[in-house]
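1. predicted structure and sequence below. I'll ask about it afterward.
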Amino acid sequence: MDTFSLEVLACDKKFYTGRARSIVLPTPDGEVAIMAHHQNMIVAVVPGTARFETADGDGEKTMVVVSSGFAEVMNNRVKVLVLTAERPEDIDVLRAREAEERAKEQLRQKQSIQEYQMNKLALARAMSRLRAVSKGHDIQ
């Protein structure tokens, strides 16, 4: 099976660098699957769960909870640049629930458009983290 170069980068760390067979990303219009030799494009990434299959012998499937960012597909290389990227098992459920409650409370209060958008993103991130943890480690 054909492979491509994949980099998943968060602002504070390099989550993954290597060869992959496929990656599925959360986008504003739903999920986008990318495989080897995909058409060149740039796509927005929204908070949610991304899944990729590595190109090593057993084709390990990895789930990653991502925040907003974008992905660039060019010349059989995929770069995913997001604010945060974490494995579901690394998520502190209590902290994620508290973040969700804080974001919901902030959204209820009168605020500027910028504050509203920031709180909306915080809520989306918290909810995607909790969804990933509640699914366990099932990768479809």
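-> That came through, no problem.
2. from residue 88, how far off is residue 42?
-> Distance, residue 42 to residue 88, by CB to CB, to the nearest Å: 27 Å. Quick note: C-beta positions are derived from backbone N, CA and C, even for glycine.
3. what residues sit buried inside the longest strand seen in the chain?
-> Scanning the chain for the strand with the most residues, using DSSP state E, yields strand 13-27. Residues 15, 16, 20, 21, 22, 23, 24, 25, 26 are the ones in strand 13-27 that count as buried (16 or more other CB atoms under 10 Å).
4. quick check: the farthest pair among those?
-> Using CB to CB, these reach their maximum pairwise distance at 21 and 26, which is 18.9 Å.
5. quick one on the thing from earlier: residue 42 and residue 88: which is more packed in?
-> Using other CB atoms under 10 Å, the more surrounded residue of residue 42 and residue 88 is residue 88, with 19 against 10.
6. hang on, that one packs against residue 66?
-> No - the criterion here is CB atoms under 8 Å, and residue 88 misses it with residue 66 at 11.6 Å.
7. touching both of those two, which residues are there?
-> residue 49 (CB atoms under 8 Å, 6 or more residues apart in numbering).
8. returning to what we had before: make JSON lines from the buried residues of strand 13-27 and add pLDDT and distance to residue 98 to it.
-> Below are the buried residues of strand 13-27 laid out as JSON lines (pLDDT from 0 to 100; distance: CB to CB, whole Å):
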{"residue": "15", "pLDDT": "94", "distance to residue 98": "24"}
{"residue": "16", "pLDDT": "94", "distance to residue 98": "28"}
{"residue": "20", "pLDDT": "95", "distance to residue 98": "34"}
{"residue": "21", "pLDDT": "94", "distance to residue 98": "37"}
{"residue": "22", "pLDDT": "95", "distance to residue 98": "35"}
{"residue": "23", "pLDDT": "96", "distance to residue 98": "31"}
{"residue": "24", "pLDDT": "97", "distance to residue 98": "29"}
{"residue": "25", "pLDDT": "97", "distance to residue 98": "27"}
{"residue": "26", "pLDDT": "95", "distance to residue 98": "23"}
